[in-house]
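>>> pasted the sequence and its predicted model underneath.
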Number of protein chains: 4
Amino acid sequence: MSELLNKGILRLDWARGHMPVMKAIGERFRRERPLEGVKIGMALHAEAKTGVLALTLADAGAKVRLASCNPLSTDDSVALALREEHGMDVRARRGETQEEYYANLNGILDLGPDLVIDDGADLIAMAHTSRRDALGNIKGACEETTTGVSRLKAMAAAGRLEFPVISVNDAKMKFLFDNRYGTGQSAFDGWMNATNLVIAGKRIAVAGYGWCGKGIAMRAKGFGAAVTVCEVDPIKAIEAKMDGFDVSRMIDAVASADAVFTVTGCKDVLRREHFEAMKDGCVMGNAGHFDNEISKADLEAASVSSSRVREHVDEYAMPDGRRLCLISEGRLMNLAAGQGHPVEIMDTSFAAQALSAEHMILNHSEMGAGVHGLPERIDRAIAEMKLASMGVEIDRLTESQERYASGWEEGT
Amino acid sequence: MSELLNKGILRLDWARGHMPVMKAIGERFRRERPLEGVKIGMALHAEAKTGVLALTLADAGAKVRLASCNPLSTDDSVALALREEHGMDVRARRGETQEEYYANLNGILDLGPDLVIDDGADLIAMAHTSRRDALGNIKGACEETTTGVSRLKAMAAAGRLEFPVISVNDAKMKFLFDNRYGTGQSAFDGWMNATNLVIAGKRIAVAGYGWCGKGIAMRAKGFGAAVTVCEVDPIKAIEAKMDGFDVSRMIDAVASADAVFTVTGCKDVLRREHFEAMKDGCVMGNAGHFDNEISKADLEAASVSSSRVREHVDEYAMPDGRRLCLISEGRLMNLAAGQGHPVEIMDTSFAAQALSAEHMILNHSEMGAGVHGLPERIDRAIAEMKLASMGVEIDRLTESQERYASGWEEGT
Amino acid sequence: MSELLNKGILRLDWARGHMPVMKAIGERFRRERPLEGVKIGMALHAEAKTGVLALTLADAGAKVRLASCNPLSTDDSVALALREEHGMDVRARRGETQEEYYANLNGILDLGPDLVIDDGADLIAMAHTSRRDALGNIKGACEETTTGVSRLKAMAAAGRLEFPVISVNDAKMKFLFDNRYGTGQSAFDGWMNATNLVIAGKRIAVAGYGWCGKGIAMRAKGFGAAVTVCEVDPIKAIEAKMDGFDVSRMIDAVASADAVFTVTGCKDVLRREHFEAMKDGCVMGNAGHFDNEISKADLEAASVSSSRVREHVDEYAMPDGRRLCLISEGRLMNLAAGQGHPVEIMDTSFAAQALSAEHMILNHSEMGAGVHGLPERIDRAIAEMKLASMGVEIDRLTESQERYASGWEEGT
Amino acid sequence: MSELLNKGILRLDWARGHMPVMKAIGERFRRERPLEGVKIGMALHAEAKTGVLALTLADAGAKVRLASCNPLSTDDSVALALREEHGMDVRARRGETQEEYYANLNGILDLGPDLVIDDGADLIAMAHTSRRDALGNIKGACEETTTGVSRLKAMAAAGRLEFPVISVNDAKMKFLFDNRYGTGQSAFDGWMNATNLVIAGKRIAVAGYGWCGKGIAMRAKGFGAAVTVCEVDPIKAIEAKMDGFDVSRMIDAVASADAVFTVTGCKDVLRREHFEAMKDGCVMGNAGHFDNEISKADLEAASVSSSRVREHVDEYAMPDGRRLCLISEGRLMNLAAGQGHPVEIMDTSFAAQALSAEHMILNHSEMGAGVHGLPERIDRAIAEMKLASMGVEIDRLTESQERYASGWEEGT
């Protein structure tokens, strides 16, 4: 067996061994086969935890085809193991070109999926534009990430979304954990792997104080960094301030930042004006879905040359001699330079995906076109499975407390 | 001038000097007089920050009458200063009996208020039951706290709420800050004042991991305590776990807890079974609205004697020789043993109150009976005033970013 | 019984009940009477925990006379209780004048003490200068605090120290805990009591990053503040930086600091140039031993007027309209505005004092004039008593580990 | 150029670019050539930062030969680059056998070094036992790590150390930073790379609360873990407790620990009794110098089988079905599974090494056999260079403050 294949098999097994909620769901799926014959087209980061999701959906009876949702996030060892050991149709390669990337997505839609599982909404957008041939068969979709959900809400608002989508990202068991503790940890996995630089004592600017930004800022602090948060939302800005962080405009932040992390879901967060004001030696990394948060076009225009200075780092020489570094070409550093979110975090995120897929197949006919939440009882069921897997017992309200909680007569 | 009066005047002035958002609102109110002639009946903790709110509403033209929403939370110096210096009708005394407490609330309703500002919903409940005579004149109410909002939602669900109420607690500029950073700080103000005991190295159990509980747990950790969180909601329980806290049932937590703080909005959170299992020397404090979170009846029944062992602490002797301590008779320790939430925190909370009062008077006729949120634009306006007062500038989306954020076409 | 006396009795009893190491030492002292007939003159903060120390020394057979080491740190209720209930000769009053302060210290030396227990080295300095009459009888002294130890080392270096002194401050069970966790907590007790202002979201400058400064900075961070550390020692400065704090010169720090805490042991840390550059509204507090860290002379000279604006706060109006606030006249805010270090912290600090007193009386004749450490075995014994009182069990090296730890042959 | 060589060159250049103190020292060394003709035998982790040290010593005129101090810590790319690009004599290979390891160390001593730079004291121990032929020429040595210093102190105590050694580890600019922030960060670099498991929500036991243990515990907490500290020193145990950690015996800790990190400098910290009580799924990693902290012999004896389950993880199956995982065969996970300490951390550690080497060569004749500290002025000079490189300015004492700090007359 090749070393690569062996590595992929081990990584898949290791992931599976640390995803107890997925294990419980998989056992039920194998018994009940709720997705029997359903064709599922997925575009997710093609690595170990995603592999477990794909296999779990297959256990439910689905025919699954998988591409990556990012050209740099595929774990080739896992892709190989899925193909060789599990006969899964995986169309992804780490470092694929833009052309390959879209060819792979098109390949997913060629399957004629009943259900689409998307991360960033590229598949869904294609099905509504260049690949309207696939649209007819699609019963619904599940979307993984904040950026994708934003796009879908914009589509829905414009009256352009033609099938129901479950916003898996809005499940509490997803965004409260994956976006915060997942991104918080994996961004620094990427950082350490890419740079071997210290975090303590650095001034780190974080663009965006949503759940992902909160996670990164919290971990930067936990590692001994001083943090500046940049936001466009005044309430989140005050929240950051009250959490002990400095808050400023990006143009002010870059003057003293040793590193800048973007995680906004918006584009051009770092652009020419910022590169021109940036501290010498600053290292930039993106943990948002798309690679447009840090404008590479502007960075190339503003610099006189660039070179790869470490495996995952490019250095741009500025006309005045400053040098700026970019991790993983601005693609999400968590996966491009690290191993992505921790396994246990994806256990609940993908539990929400698996149960959303089941829920969509069972209920799509009653769900109109638009963006839907995961029903609260499913969210709560995931939490209960997770607690059980952790061996944690919690209190239950007594009858008299239940009555009190739903009453109003008792006061001071 | 008496020493008490002087102290109250200073405390009011000090508070006013540190409430820049209220100051800005007050200046507009004095110009525009949006509450001219409106009779406002308030039951809030009668201390300095509340005094500033009352004076600000008076600046808007309202006739204000104030009682306390808790028998132990009045600052007598401030109550005196409000009466003597500002001619405010204040009906509150620290340590008032249950009879006085209700007499004072009745006194508020005797005013025939157009608007009720409540904290815990006692006034609103009375207006719907024993004081239905006052109901007719009430255009609406504003409710301050989680506990009160829960009661009101129960009333609304039962079809019993007969006028519109704005849930000020649900404004982001209230619950994100007041409940978390306010309660987090003031609970320990109460603790330190009451006990002079160290927090570092202690095991502290926190009942409830809502916004208040998060605040207390975060500060306990910030002070060097180990924390056990007790919850009934599985999602909040996992959140606590992922925040690094131990999570267990209360009956397990009390065996090792050196202190227990309750902040749930529910009753009998600590009860006989817990007292019987509690570690010797455990100090209990409540930071929830009502004094029923720790069952004093059970504590008295389970103990053989009790005595006051420090100004704000009673000690209960258990049959087996263990001694359990209770701060401030189980009334909210933040106010009963400390000075309540920090001034700046109440600046935004009471900005939300003042603007809710204005909004209610202007719009009550279009608002049906029920619980309403504060409009998002008001919430945001408070945030912008607060940022300005802090001298913090934040980014604004560029036009092209605005377009991107509301679009969906651009992808990988 | 007067309310004040009752309060003092309760505070003494409460402190005693939470000082298990002192309790164990006291029990042995009552049996063994190691200080039978020894005259002890003490100048320590005359409050509850000190009371327990004084009573413990009396239990050992000593004749104790107590003054305060700071005009604002006496707890009058405790002083009264020590006098009335325990017949202790206490010469201290909260708010005593400079004259009274020195009269009280002289009164201590009038006792003709065999042993001096000092905090800040005022008694010891007097015995070497104005009160050389007392010098002859003094066998030795014990010094409590960093500032006093610095003075004594300067005396010793100048060949002026004429009897042995144990630097209790250098015991690990003292400085690692008292200076860090004690000062860290009690400084904020003072802050909250004096100001009722929020800590979260503030920028707090801390002058000095010794053990006390580390404690304050750590707790400021734990409360949600952003912290700037000012230091003169480059190694401590880098340590602060690596702990995630900003580090700058004080003149730069005051421009953005909402509060400044001094805890350096040096004088004029804040002086005219700083007041002139300070942010409007800045609140200053000192947690160092002497009230000269913030130059009141400079503050008075630089300002146009001042007034008491809250019980423990004076506000200085600057010519340009800025207003600067000073807590407790620059005396240590922990005790002047709060209740001093937590009880359990003083348990081990005063255990070190009590055992130092015993050690000095037993061994002074072999100890030359100079500053001596507490023997390591006594330090360790205190730690073991403390662990036992906390119910914590720790590992012991196995025989083979002992051998390994003291050997060198085994390698890779 | 081979990919490996290119990677090594980039890593060396990257490290050099982020070691400003070493750069300044190197510039002086090139001018002054203080080590002209000195033969230096080094055994350090043969990776990028060590490469910079070796090149800096060569810049000073030394003839350097380098082996690794650990069979799993060599970065083959860097070793290659040192050989090919810089003509350095490097004798190290990742994954070398015990035989190769000792052959390489012997090769270092074959050089007949004037100066030995050691990490763990293996070279020094050999020079005193099996390789006494090399002893005569050795003027002195510099030792990098806590474990090595312990061995050397044992040697010195036994009268067996025959030349002077500078304990670089005891320089403040080394142990305060390298051991704490270095180990703290790199241990989790190793963890994330080896396992892709979440840290938040886990219970992590840390054996040893010296500077390294403090670093690991602090970062574990910063990542959202709950931490149990195991210690044999009662003072450190209380310190851990007061830092908010649980403290217990290891045999109690392993029952609930999801992961155990050892960093004690002692052997058999985890042994049969612990493996038998350990929670199912526990992952063990060592960050102490030698691979004997976790007894592999006991682990093999207690288990029924083992297999490699991920690139850096072996799983041991226990007779009762539990599975225990070990990272990097118990060798220090920081380097074996991660990239070792961050570059900037090693900048000051290796500045201390470079200046110790210079100091030893200049002063060895006045230094007796034994363990010596680095002179404080050198320590301080490193701090000042580091501060300058960070662009941080700090306060200097005024003349009057200097006088006050060295005086004792001024008091209350």
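Good, I have the coordinates.

>>> let me see the contact set for A:Asn292.
Counting by Cβ atoms under 8 Å, 6 or more residues apart in numbering or on different chains, A:Asn292 touches A:Lys267, A:Asp268, A:Gly330, B:Glu410. Bear in mind the C-beta positions are built from the backbone N, C-alpha and C, glycine included.

>>> residues near the third one, how many?
Meaning A:Gly330. For A:Gly330, the count of nearby residues is 24 (other Cβ atoms under 10 Å in any protein chain shown).

>>> ok, now which ones touch it?
Neighbour list for A:Gly330: A:Met284, A:Asn286, A:Asp291, A:Asn292, A:Glu293, A:Ile294, A:Lys296 [criterion: Cβ under 8 Å, 6+ apart].

>>> one step back: who wins on neighbours among the contacts of A:Asn292?
In terms of neighbour count, A:Gly330 stands highest of the contacts of A:Asn292 at 24 neighbours, by other Cβ under 10 Å.

>>> how about the residues of the stretch 201-350 of chain A by chain C?
By the rule Cβ under 8 Å from any Cβ of the partner chain, the part of the stretch 201-350 of chain A lying against chain C is A:Gly201, A:Lys221, A:Gly224, A:Ala225, A:Ala226, A:Ile238, A:Lys241, A:Met242, A:Asp243, A:Gly244, A:Phe245, A:Asp246.

>>> in helices only, show me those residues.
The helices, defined by DSSP state H, take in A:Lys221, A:Ile238, A:Lys241, A:Met242 from these.

>>> what pLDDT does the model give the first one?
It stands for A:Lys221. For A:Lys221, the pLDDT comes out at 98.

>>> I figured it hits D:Gly222, correct?
Yes: between A:Lys221 and D:Gly222 there is a contact under Cβ atoms under 8 Å: 7.1 Å.

>>> higher neighbour count, these two?
Neighbours were counted for A:Lys221 and for D:Gly222 using other Cβ under 10 Å; D:Gly222 has more, 24 against 19.

>>> OK, contacts around A:Ala255?
Contacts here follow Cβ under 8 Å, 6+ apart; on that basis A:Ala255 touches A:Ala277, A:Met278, A:Lys279.

>>> for the last one, give its distance to A:Arg272.
It refers to A:Lys279. 16 Å (Cβ to Cβ, to the nearest Å).

>>> of these two, which one has the most company?
The neighbour comparison of A:Lys279 against A:Arg272 (other Cβ under 10 Å) goes to A:Lys279, with 18 against 14.

>>> so that one makes contact with A:Ser256?
Yes: here A:Lys279 reaches A:Ser256: they are 6.2 Å apart, a contact under Cβ under 8 Å.

>>> so where's chain A uncertain?
Within chain A, the ranges that satisfy pLDDT under 70 run A:411-412.

>>> give me the residue from the stretch 151-300 of chain A nearest chain D.
A:Gly222 (2.4 Å; Cβ to the nearest Cβ).

>>> A:Leu161 contacts A:His128, correct?
Yes: at 7.4 Å, A:Leu161 counts as touching A:His128 under the criterion of Cβ under 8 Å.

>>> for these two, indicate the residue with more neighbours.
A count of neighbours by other Cβ under 10 Å puts A:Leu161 above the other of A:Leu161 and A:His128, at 23 against 20.

>>> Three-state assignment for that one, please.
coil (DSSP: H, G, I helix; E, B strand; the rest coil).

>>> so who does it touch?
Residues near A:Leu161 by Cβ under 8 Å, 6+ apart: A:Ile124, A:His128, A:Leu152, A:Met155, A:Ala369, A:Gly370, A:Val371.
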